[in-house]
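Participant: Here you go, sequence then predicted model.
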Amino acid sequence: MTKRALVVGVTGIQGSALADRLVTEGWEVFGLARTPKEMDGVTPVAADLLDPDSLGRALEGVDPTHVFLTTWLRMDTEAENIRVNSLMLRNLFDALRGKSSVEHVALATGLKHYLGPFEAYGKGELPKTPFRENQGRLDVDNFYYAQEDELFAAAERDGFGWSVHRPHTVIGKAIGNAMNMGQTLAVYATICRETGRPFRFPGSQVQWESLTDMTDARQLAAQMAWAATTPEARNEDFNVVNGDVFRWSWMWGRIAEWFGIEAEEFDGTERPLERQMADDAEVWAGIADRHGLAERDLSRLASPWHTDADLGRPIEVVTDMGKSREMGFTGYIASDRSFYDLFDRLRADGILPKN
């Protein structure tokens, strides 16, 4: 039987990689976003998850067997994060309920499940690393937990299976995305190369020296597709990272090497990118004009605040993937290759200069 996927948040880092994966595997794919883009093999669905009427109209004639949730809205407070992101899922499940077609819903959240939300990020008593799924929830308000609760309630009521996927920092391409470390570092390195500025690590001594990991968007896509079609993975939560570990003291030099620049030796001083890049909008626009690049708006490419949050952590972050490995998921991508593949794609798509 044809597998019909509804990818919610299809224009984001996670959703676009997932749609590509499902199309390649022969799925019929519908991509939902407020402003969908043309994607090979994907039927666009333009809808606002906060507008139940328009959502219902947009989903007329769309009867997915599998739903993949890869979107959220960032609000000013965690209470608002909880209210808005819960409502988006509730509206979606309400719109799908009458169809009786859904067999499985996969939800992508993240490691803030273990680290806490932005308001209490990395504070209090945290689980020991490596993070494991059986460590459970922190005793704090967290919109990830609220999303899960909406999913669990709808699954019990409507009879579909579910899976939850918790990536670390996701590396992939998306224009206009609010959290995009790979693209941010690519833009920063390009500015350093073009202006002769030093390529300075912006984060903490702990992140420079400690082991860490990350998640290629393609690895997340592979695990979500696997869980959606694997009986043993039904009603389970999974961590998902690339499968390797590294230190930023090594990775920073690897990124610099790709761009043909020198990595300045880190002296322990935190120099956040949000401060380093505060006046770079005109600098990037000039670079884009000189090289004929496809996007001259720096704010649509880089998210310094998010990269600072990841690289400025005062704690080690390492993730265990044993649970999905034991069930048969064998995906692996080297993390430096994640960066290189992204940089190659950004260059090919005219986002970065060709040389």
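Facilitator: Everything's here; your move.
Participant: longest helix of this structure?
Facilitator: In terms of residue count, the longest helix belonging to the chain (DSSP state H) is helix 78-97.
Participant: Contacts for it next, please.
Facilitator: 8, 49-52, 55-56, 59, 64, 67, 69, 71-75, 102, 117-120, 141-143, 146-147, 149-151, 154, 158 (Cβ atoms under 8 Å, 6 or more residues apart in numbering). Any C-beta I mention is one placed from the backbone N, CA and C, and that applies to glycine too.
Participant: Repeat that for stretch 21-34.
Facilitator: Residues outside stretch 21-34 that contact it (Cβ under 8 Å, 6+ apart): 2-11, 15, 19, 39-48, 58, 62, 64, 66, 71, 218, 221-222, 225.
Participant: re the thing from before, after the longest helix of the chain, which helix or strand is next? Please name it.
Facilitator: strand 104-108 (DSSP states H and E).
Participant: List the neighbouring strands of that following strand plus their orientation.
Facilitator: Strand 104-108 has the following strand partners under DSSP bridges: strand 66-69 (parallel), strand 161-167 (parallel).
Participant: from the middle of its chain, how far away would the first one be?
Facilitator: From the chain centre to the centre of strand 66-69 is a distance of 15 Å (Cα atoms, centre = their mean, to the nearest Å).
Participant: do the same with the last one
Facilitator: How far strand 161-167 lies from its chain's middle: 13 Å, per Cα atoms, centre = their mean.
Participant: Give me whichever of the strands paired with strand 104-108 is most buried.
Facilitator: strand 66-69 (a mean of 28; mean count of other Cβ atoms under 10 Å).
Participant: Averaged pLDDT, that one. What do you get?
Facilitator: Here strand 66-69 scores 98 as its mean pLDDT.
Participant: Next: stretch 248-258.
Facilitator: 98.
Participant: With just CA atoms, put it into CSV.
Facilitator: Output of stretch 248-258 as CSV, limited to C-alpha atoms (Å, rounded to 0.1, in the frame of the first residue of the first chain):
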residue,chain,number,x,y,z
TRP,A,248,35.2,21.8,19.4
SER,A,249,39.0,22.3,19.8
TRP,A,250,39.2,19.8,16.9
MET,A,251,36.1,20.8,14.9
TRP,A,252,36.9,24.5,14.9
GLY,A,253,40.1,23.8,13.0
ARG,A,254,38.3,21.5,10.6
ILE,A,255,35.8,24.2,9.7
ALA,A,256,38.5,26.8,9.3
GLU,A,257,40.4,24.5,7.0
TRP,A,258,37.4,24.0,4.7
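Participant: mind listing what's buried in that stretch?
Facilitator: For stretch 248-258, the neighbour count (16 or more other Cβ atoms under 10 Å) marks 248, 249, 251, 252, 254, 255, 256 as buried.
Participant: For residue 264, which non-adjacent residue is closest in space?
Facilitator: Once flanking residues are discounted, residue 264 sits nearest to residue 198: 4.3 Å by Cβ to Cβ, 6 or more residues apart in numbering.
Participant: and the one you found, what is it in contact with?
Facilitator: So residue 198 contacts 192, 262, 264 (Cβ under 8 Å, 6+ apart).
Participant: What does the pLDDT read for residue 1?
Facilitator: pLDDT for residue 1: 67.
Participant: Show me the helices in the stretch 251-355 of the chain, by range?
Facilitator: 273-276, 281-291, 304-311, 322-327, 335-348 (DSSP state H, counting those that start in this stretch).
Participant: how about the second one as CSV, C-alpha atoms only?
Facilitator: So that's helix 281-291. Extracted in CSV, the C-alpha atoms of helix 281-291 (Å, rounded to 0.1, in the frame of the first residue of the first chain):
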residue,chain,number,x,y,z
ALA,A,281,24.4,43.0,7.9
GLU,A,282,25.9,45.5,5.5
VAL,A,283,29.1,43.5,5.4
TRP,A,284,27.2,40.4,4.2
ALA,A,285,25.1,42.4,1.8
GLY,A,286,28.4,43.7,0.2
ILE,A,287,29.8,40.2,0.0
ALA,A,288,26.5,38.9,-1.6
ASP,A,289,26.6,41.7,-4.2
ARG,A,290,30.2,41.1,-5.1
HIS,A,291,29.7,37.4,-5.6
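Participant: Give the buried residues for stretch 285-305.
Facilitator: Going by 16+ other Cβ under 10 Å, stretch 285-305 has these buried residues: 287, 288, 293, 295, 296, 298, 301, 302, 303, 304.
Participant: how near is residue 159 to residue 101?
Facilitator: Computed as Cβ to Cβ, to the nearest Å, the residue 159 to residue 101 distance reads 11 Å.
Participant: These two: who's more crowded?
Facilitator: Using other Cβ atoms under 10 Å, the more surrounded residue of residue 159 and residue 101 is residue 101, with 15 against 10.
Participant: Can you verify my assumption that that one contacts residue 62?
Facilitator: No: if you go by Cβ atoms under 8 Å, residue 101 and residue 62 don't touch, sitting 9.0 Å apart.
Participant: Now residue 132: closest residue in space, sequence neighbours ignored.
Facilitator: Counting by Cβ to Cβ, 6+ apart, residue 132 lies nearest to residue 320, which is 4.7 Å off, once chain neighbours are set aside.
Participant: circling back: what subset of the contacts of helix 78-97 is buried?
Facilitator: Buried among the contacts of helix 78-97 (16+ other Cβ under 10 Å): 8, 49, 52, 55, 59, 64, 67, 69, 71-72, 102, 117, 141-143, 146-147, 150-151, 154.
Participant: Good, we can wrap up now.
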